[in-house]
Each structure stands twice: as C-alpha cells, then as structure tokens.
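*Asks:* Predicted model and sequence below, questions to follow.
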Amino acid sequence: MTLLDVDHTKGLRHVTAQASGAGLKIGRQIAELAEGPVRPGTVLGRKGTMSVRLAASRDEIEASQRLRYEVFYQERSALADEITALTGRDQDAFDDVCDHMLVVDSAGEIDLPGLVLGDGTVVGTYRLLRQEVAEAGRGFYSAAEFDIAPLIEAKRGKARFLELGRSCVLKPYRTKPTVELLWQGIWNYVRLHRLDVMFGCGSLDGVDPQALALPLSFLHHQRRAPMEWQVRALPERYVEMNRLPADAVDMREAMKLLPPLIKGYLRVGAYFGDGAVVDHQFNTTDVLIVMPVSAINARYFSHFGAPGEVPV
C-alpha cells in the first residue's frame, strides 16, 4: 500500500477520479510508480527518543503541513493565502504525490495543535519526490525557480534523481542530533530506492540579497557545482551570488550565517547551483543544492552506512 492508496487520504486518486482518459491513466501510473521498497510508516532511523519515518496516513501528512505552517508562516512570516490561513496548513499540489518524512519525538512536550500523533510529536519534516514520480505527473517543484531540465536530460539513463523540499524543524529541535537524524532518514531512503542524486532548494532567511552577500558569496566561491552538475537559476529570477571577491569572504563568519540544514549539506559534500532566487511569499532567498551520491564525503559512510548497503 502507498500513500496514494490510503482510503482516508485525499490524494491523487481523489484528484484524478473526476478526470477521464489520459488524466486517469497518468494517475494510475503515478500510483504504480509510488510502489517501492519504502512503505508508508517505514522507520528510517532512530536517535534517543526520536525516530524518523514516512507518513502513513492523511492525518500524518496534515501534521507535516501544520508543522510547515508553524515554521514558515508563524515563525518566519511567510505570506499566507486565504486557504492557508483558514486551515493553518502549508499545502500545495505536490503534497499528493510526494513521500513525507517525519521526525517524531516520543517524549515531545511541545503542545501545538495537530502535531501530536500516536507515537509522539512531529518536530521535523521533509518532502521527497523521486524522478519517475515527478516525470509521470507535475514535474519537479524546483523547476519554478531553477532550470534543472538540462541536468536531468544529461544524466538520463545514468542517474536517478530525488528532489528534497519543504524541510523544516521546530525551533527547539534545531540541533545536531535532529539534523543527523534527518540525514540518516534521507540516506536510508536513497539507499532503499537505489537513487543516485539528491537536489532541492535550500533557503536563507530574508529577501535582500545584499544583506546575504557573505553567505551567498561563500557558497559561490567554495562550493559552486562543477560544470557536470551545474544548474542555473531561471533567467527571469536569477540573482547573482558572487557579491564579494573570494579574498573578502570570511569563511567562519559565513558558516555562522547559514541555516543548520545547509551546513549539514556542506559537511556531507553538496554542491550549489549558479544564482539564487528571491521568494517573497516565503520571505527567503533560495539556492539550489545538488548532491550526487558519488560526491559524498566517504567519512560519513562509517556512521550512516555505505551506498551499496541496503538498510535492514
């Protein structure tokens, strides 16, 4: 059973039920593609009182959406439309076809409406979209900001892609153990599905690129993707990241200004695309992260597991 088959999930099956012909065919194709070795509810890692697993029902997907609303709209002042404000959930059409990864704390004491599940409190989430599912349906979310099509085409038949998105963690849990657990969950998902490349938008708070000159320039000079993995922001949305000369970048200070998740990607060995994008709705400046499995720093394999190993 997949997320698309859960009876009480208003997912793709509901959306396509009113369609006909090609629409129904596409819906069935996506449902079939969603089948795989990682089932809804699969636990992908544990650390202390926390576990990371896939959402297994519509209620659990809605919990992830409520967490996203709490972080993006309540804390970071994203601009909510009428439906978002009324429901108190961050939601879009991609939610129906993605896997939703949850970090759940069985000892969580944060009392926020809609975040408490049977096994604990949802304190972190990630949205996962595999290439075959994206290409059978709506495409990739990141394509609205970055021109990812050339990279996908260049690697077709050679590498399978996973888009990571909508990541957020409750403020008290923005710690190294939580970030490590998120990474363990993603890495086990990648290994179980035998994926080759992870990518997605990473966000820096604020919509003034000049105020973010130091971290943007640091990413440009230190971790810009080589041509083989280069992705450029869409021309109409392109914001220059190279705002300071390399010798004017204080790397230590730049690292302090980066969000924990982006720091985590850097440590593992991720690359960053050419150009940033200002997202006024979410009050962020976005960069494109590209992380081929082949580029991951080998020292992490002893802790998280080697690429060829299949998690038990």
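*Replies:* Here it is on my side, so go on. Numbering: from 1, shown residues only.

*Asks:* Would you confirm that residue 126 belongs to a strand?
*Replies:* Yes: under DSSP: H, G, I helix; E, B strand; the rest coil, residue 126 sits within a strand.

*Asks:* residue contacts, it?
*Replies:* The neighbours of residue 126, taking CB atoms under 8 Å, 6 or more residues apart in numbering as the test, are 100, 101, 164, 165, 166, 167, 182, 185, 186. Heads up, the C-betas are built off the backbone N, CA and C, glycines and all.

*Asks:* How about residue 262?
*Replies:* Per CB under 8 Å, 6+ apart, neighbours of residue 262: 202, 204, 287, 289.

*Asks:* and the last one, how many residues sit next to it?
*Replies:* Under the neighbour criterion other CB atoms under 10 Å, residue 289 is assigned a count of 24.

*Asks:* Residue 163 versus that one, what's the distance?
*Replies:* 10 Å (CB to CB, to the nearest Å).

*Asks:* ok, now the third one?
*Replies:* Here the distance between residue 287 and residue 163 works out to 15 Å (CB to CB).

*Asks:* quick one, which of the two is more surrounded?
*Replies:* Each of residue 287 and residue 163 has its neighbours counted (other CB under 10 Å); residue 287 has more, 28 against 24.

*Asks:* Any chance of the backbone angles for the more buried one?
*Replies:* phi -120, psi 160 (degrees, to the nearest 10).

*Asks:* repeat for residue 250
*Replies:* phi -80, psi 100.

*Asks:* re the thing from before, pick out the most distant pair among the contacts of residue 262.
*Replies:* 204 and 289 (11.9 Å; CB to CB).

*Asks:* what ranges do the helices span in this structure?
*Replies:* For the chain, the helices defined by DSSP state H cover 12-16, 22-34, 58-69, 82-87, 131-136, 149-154, 176-193, 213-223, 251-256, 260-268, 301-304.

*Asks:* hey, what's in contact with both of residue 289 and residue 163?
*Replies:* In terms of CB under 8 Å, 6+ apart, residue 289 and residue 163 are both contacted by the residues 198, 199, 200.

*Asks:* Please name the residues that touch the second one.
*Replies:* Right, residue 199. Applying CB under 8 Å, 6+ apart to residue 199 gives the contacts 142, 148, 161, 162, 163, 164, 231, 288, 289, 290, 291.

*Asks:* Out of the residues you listed, list just those in strands.
*Replies:* If you go by DSSP state E, the contacts of residue 199 have 161, 162, 163, 164, 288, 289, 290, 291 in strands.

*Asks:* now these in JSON lines, with pLDDT and distance to residue 253?
*Replies:* Putting the ones in strands among the contacts of residue 199 into JSON lines (pLDDT from 0 to 100; distance: CB to CB, whole Å) gives the following:
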{"residue": "161", "pLDDT": "98", "distance to residue 253": "33"}
{"residue": "162", "pLDDT": "98", "distance to residue 253": "32"}
{"residue": "163", "pLDDT": "98", "distance to residue 253": "31"}
{"residue": "164", "pLDDT": "97", "distance to residue 253": "27"}
{"residue": "288", "pLDDT": "98", "distance to residue 253": "23"}
{"residue": "289", "pLDDT": "98", "distance to residue 253": "21"}
{"residue": "290", "pLDDT": "98", "distance to residue 253": "25"}
{"residue": "291", "pLDDT": "96", "distance to residue 253": "24"}
